[in-house]
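> task: produce atomic coordinates for the following.
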Amino acid sequence: MNNILSRRSIRRYLSRTVAETDIQELLQAAMAAPSAENGQPWHFIVIDDRQLLDSIPRIHPYSHMLREAPVAILVCGETNQEPSKEFWVQDCSAATENILLAAHAKGLGSVWLGIYPLEDRVIAFKEKFSLPDKIIPLALLPIGYPAEEKAPANRYAAARVHKNTW
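Modelled structure (predicted):
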């Protein structure tokens, strides 16, 4: 519970390399996510090219922290993945959250940068990363060692909980 409740969005990073083994473990955590009918429609692009990371803020207005992050993971979904292609967003969102939680557990920071369903962002990322037609970018996750500390946020709201009916 502590890992879940203390995870925060980190937007500032130290200039310190993230080990390949750590990235591999984040991807293992992602692929351990539940998926509808075990369809596993996810695909991931690990981005560690400095020029590429520095260019992304031109296509995503809230991604300026990529100029500090040593690596990012682009989470994509395969929209024609059977048996349950209608659930790719939920499946890839679960994988995304697993990456965020695993990063936090490893002492790394990250933030969820939304791409889908904003058409301009989807098109821009598809072009920049040469994604096939059936692959849709969902989210971009900068990963790095935090250069900021944030206290846990208590977001529990009893007024949002209903029992048996509204």
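> tally of neighbours for the nearest residue to residue 78 once chain neighbours are set aside?
In space, not counting the residues next to it along the chain, residue 78 is nearest to residue 41; the distance is 4.5 Å by Cβ to Cβ, 6 or more residues apart in numbering. The C-beta positions use only the backbone N, C-alpha and C, and glycine is treated the same way. Using other Cβ atoms under 10 Å, residue 41 has 25 other residues around it.
> what lines up beside the longest strand along the chain in the sheet?
In the chain, with assignment by DSSP state E, the single longest strand is strand 135-144. Strand pairing for strand 135-144, using DSSP bridges, gives strand 71-78 (antiparallel), strand 109-110 (antiparallel), strand 113-114 (antiparallel).
> show the contacting residues for residue 121.
Residues near residue 121 by Cβ atoms under 8 Å, 6 or more residues apart in numbering: 59-60, 114-115, 137.
> please indicate which of the residues you listed are buried?
When neighbours are counted using 16 or more other Cβ atoms under 10 Å, the contacts of residue 121 contain these buried positions: 60, 115, 137.
> can you show me the helices along the chain?
2-6, 20-31, 50-55, 88-105, 119-128 (DSSP state H).
> tabulate these (a markdown table), appending distance to residue 77 and mean pLDDT.
As requested, those are exported to a markdown table (distance: least, Cβ to Cβ, whole Å; pLDDT from 0 to 100):
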| stretch | distance to residue 77 | mean pLDDT |
| --- | --- | --- |
| helix 2-6 | 24 | 96 |
| helix 20-31 | 12 | 98 |
| helix 50-55 | 21 | 98 |
| helix 88-105 | 4 | 98 |
| helix 119-128 | 11 | 98 |
